[in-house]
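>>> Have a look at this prediction, sequence included:
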Amino acid sequence: MKLIILDRDGVINHDSDAYIKSPEEWRPLEGSLEAIARLTKAGYRVAVATNQSGVARGLFDLATLAAIHAKMHQAAAAAGGRIESVFFCPHAADDQCGCRKPKPGMLEEILRRYGAEARKVTMVGDSQRDLEAAAAVGCRPVLVLTGKGRDTMRKGGLPPETLVRVDLAAVAAELAP
């Protein structure tokens with residue numbers, strides 16, 4: 001089985017420092033939906049792992065988050081792709097939960113649910129916390145330069161063996177030529 005884990009904001013869709021708080025605010029990045037379709041057609045199972053502290057902050061509720069994710073699923077399907085699952089952490093950073101990236105809990109759960117070997121799984125993110133979570137469980141970390149990716153690269157300190165690609169489309173082209 002081939003599994004890829006994607007961060008959401010900044011990898012699949014435009015990010016916002018004010019949070020994505022409604023389906024109307026969710027806008028796919030250019031080429032991201034086609035990249036998911038390419039991965040799907042190549043036999044990859046696509047899972048999303050996303051921190052969503054806006055829930056804990058009261059900026060949106062779980063029903064709104066579900067509506068945002070429904071829009072994302074529909075958009076991927078319309079492009080010919082499939083997002084099999086979305087895992088999210090609704091906690092705030094100071095909640096000290098084990099599922100909020102950079103802690104590995106969410107990725108550990110994904111690997112467990114899919115019965116996947118971490119070393120065979122690619123995790124694509126645009127932030128240091130995405131890469132640290134991937135490295136903590138033994139996944140292959142890939143930084144994309146969309147979203148916060150350019151700032152993340154500029155700051156340095158990437159986990160060893162982190163690959164850097166321009167966007168999700170470049171990752172898909174490499175994994176599913």
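Alright, I've got the coordinates.
>>> okay, CA-based contacts and neighbour counts for the rest of this
Fine.
>>> which residue of this structure sits farthest from its center?
The centre of the chain is farthest from one residue, Gly58, which by C-alpha atoms, centre = their mean lies 22.0 Å away.
>>> Check the secondary structure at that residue for me.
Under DSSP: H, G, I helix; E, B strand; the rest coil, Gly58 falls in the coil class.
>>> For the longest strand that the chain contains, give me every contacting residue.
Longest strand in the chain by number of residues (criterion: DSSP state E): strand 44-51. Contacts with strand 44-51, where a contact means C-alpha atoms under 8 Å, 6 or more residues apart in numbering, come from 1-9, 36, 39-40, 82-91, 100-101, 106-107, 110.
>>> Neighbouring strands - and their directions - for it?
The sheet places strand 44-51 alongside strand 2-6 (parallel), strand 85-89 (parallel), with pairing taken from DSSP bridges.
>>> for the ones you listed, which one ends up most surrounded?
Comparing the strands paired with strand 44-51 by mean neighbour count (mean count of other C-alpha atoms under 10 Å), strand 2-6 comes out on top with a mean of 22.
>>> Now do the helix or strand following that strand: which elements does it pack against?
Next helix or strand after strand 2-6 toward the C-terminus (DSSP states H and E): helix 32-41. Applying 3 or more C-alpha pairs under 8 Å, 6 or more residues apart in numbering; DSSP states H and E, one finds that helix 32-41 contacts strand 44-51, helix 62-78, helix 168-175.
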